[in-house]
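1. Turn this into a structure:
(one chain, ligands or ions: 2)
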Amino acid sequence: MSSSPVNTASPSFPVRRMDYDFADMPKYWCDNEPSLTHYFTGLSTLFPEGESYFVRSVRALRPGVKKHSQLDRDIGAFIGQEAMHSKEHHAFHISAQQYNLDPESLEKVTGTILKSIETLFPKKWNLLVTVGLEHYTAVLVATMMRSTYKEMRDDTIRNLWLWHSIEETEHKAVAYDLYQHLYGKGLDAYLPRVMVYTFSLAMITLMSTLYHLVLMKRDGQLFNLKSWRRFITFAADHYKEFIPDFLAYYRFNFHPNDTDASALVANAKAVIGLASRSSKGRESSAA
Ligand SMILES: [Fe+2]
Ligand SMILES: [Fe+2]
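-> Ligands and ions are numbered 1, 2, ... in the order given. Here you go, the predicted model:
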């Protein structure tokens, strides 16, 4: 890869500047199905505000890390990657507006909810929401890179999801490592970690389900039972994989790098041509 670390002052993973053009997106870009397309659009509307919240939660506690240490550099790259994900998913929502789905309204709801949580929670708990949801994301993107991307009928949208999946895997341990660095590995670190994770899982499941329903309604597909059946089959298949992986977070000695997804990442890079710099988005190293 062009942006691999070149000296000891580099982060463990690169920040890639992407600039996808979604103008020609089809209406039902996931398996030609409203239910699958709107499920993923609903998830996507969580990202711009959600990932900004992750960045703020990590940045708020970054002063507890030695400047220019490896963790500090990786936090910088984490912030860069998440900021780019927010930007590209927002661009995707602007293009999805051509089908009158108004995804931006769901971004705003997400922002309002997360800003309320941010105000109510102490910094430690806000970081734990991020740590927990980074694990949730890492589980989802493994399945995306393994099989789900094949359902995506538009190359640009497929590339968006695979690029995002690759980077979520690259930085999946950063927030967790920051938490361990600040609060250790004892029972007093474990208990809030799993408590806030349980809250975060419930919150994101509720929000993504509601957004899915809202988008189906806006598209006049709420009672398309044939399409809902396709989604239920899809979800049932994948939740068999997700549940044990979600539960792994409750292990006392859990660490995100317990799971090696490097083969999935290598394949995803080959699919979108990232290694050869021929993907539809542009890749370059960032500061
Ligand atoms: Fe992200
Ligand atoms: Fe992330």
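
2. For Leu162, grab the count of nearby residues.
-> Using other CB atoms under 10 Å, Leu162 has 25 other residues around it. The way it works is simple: take the backbone N, C-alpha and C, and place the C-beta from them, glycine included.

3. Can you list the buried residues in the strand or helix carrying it?
-> Using DSSP states H and E, Leu162 falls within helix 155-170. Residues 156-170 are the ones in helix 155-170 that count as buried (16 or more other CB atoms under 10 Å).

4. these two touch, right, Ile113 and Met207?
-> Yes. Contact criterion CB atoms under 8 Å: Ile113 and Met207 qualify, at 7.3 Å.

5. These two - which one has more neighbours?
-> More crowded of Ile113 and Met207, by other CB under 10 Å: Met207, with 20 against 16.

6. Without its sequence neighbours, what residue ends up closest to that one?
-> Counting by CB to CB, 6 or more residues apart in numbering, Met207 lies nearest to Leu46, which is 6.4 Å off, once chain neighbours are set aside.

7. Can you pull out the residues in contact with stretch 254-263?
-> Residues outside stretch 254-263 that contact it (CB atoms under 8 Å, 6 or more residues apart in numbering): 134-135, 138, 142, 145, 169, 172-173, 176, 245, 248.

8. er, stretch 145-161 actually
-> Residues from elsewhere that reach stretch 145-161 (CB under 8 Å, 6+ apart): 20-22, 24-26, 28-32, 36, 40, 88-89, 92, 144, 162, 165-166, 169, 238, 261, 264-265, 267-268, 271-272, 279-281.

9. quick one: it near ligand 1?
-> No. Stretch 145-161 is not in contact with ligand 1 by CB under 5 Å from the ion; minimum separation 11.0 Å.

10. on that earlier part again, which member of the buried residues of helix 155-170 is positioned nearest Met195?
-> Nearest to Met195 out of these is Glu168 (CB to CB; 23.5 Å).

11. what sits against the closest one?
-> 134, 137-138, 141.

12. how about a cut-off of 6 Å?
-> Residues in contact with Glu168 (CB atoms under 6 Å, 6 or more residues apart in numbering) are 137-138, 141.

13. What of Phe13?
-> Neighbour list for Phe13: 77, 170 [criterion: CB under 6 Å, 6+ apart].

14. Repeat the analysis, applying 7 Å as the threshold.
-> By CB atoms under 7 Å, 6 or more residues apart in numbering, the contact set of Phe13 is 77, 170-171.

15. now those residues as TSV including distance to ligand 1 and pLDDT?
-> Formatted as TSV, these follow (distance: CB to the ion, whole Å; pLDDT from 0 to 100):
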residue	distance to ligand 1	pLDDT
Ala77	12	98
Glu170	10	98
His171	8	98
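
16. and of those, the nearest to Pro63?
-> Closest to Pro63, out of all of the contacts of Phe13 and judged by CB to CB, is Ala77, at 17.7 Å.

17. For burial, what's the neighbour tally of the closest one?
-> 22.

18. Low-confidence stretches in the stretch 1-150 of the chain?
-> Counting by pLDDT under 70, the stretch 1-150 of the chain contains low-confidence ranges at 1-8.

19. Show me which residues of it sit near ligand 1.
-> Residues of the stretch 1-150 of the chain found near ligand 1 (CB under 5 Å from the ion) are 51, 82, 85.

20. need the strands for the stretch 1-150 of the chain, in chain order.
-> Under the criterion DSSP state E, counting those that start in this stretch, the stretch 1-150 of the chain carries no strands.

21. Surely Val194 and Arg251 touch.
-> No. Contact criterion CB atoms under 7 Å: Val194 and Arg251 do not qualify, at 9.5 Å.

22. Neighbour count for the two, which is higher?
-> Val194 (16 against 11).

23. follow-up on the earlier one: including neighbour count, could the residues of the stretch 1-150 of the chain next to ligand 1 go into JSON lines?
-> Below are those laid out as JSON lines (neighbours: other CB atoms under 10 Å):
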{"residue": "Glu51", "neighbour count": "24"}
{"residue": "Glu82", "neighbour count": "26"}
{"residue": "His85", "neighbour count": "24"}
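
24. Can you list which of the residues you listed are found in helices?
-> Cross-referencing those against helices under DSSP state H gives 51, 82, 85.

25. and which of the residues you listed is nearest to ligand 1?
-> Nearest to ligand 1 out of those is His85 (CB to the ion; 3.5 Å).
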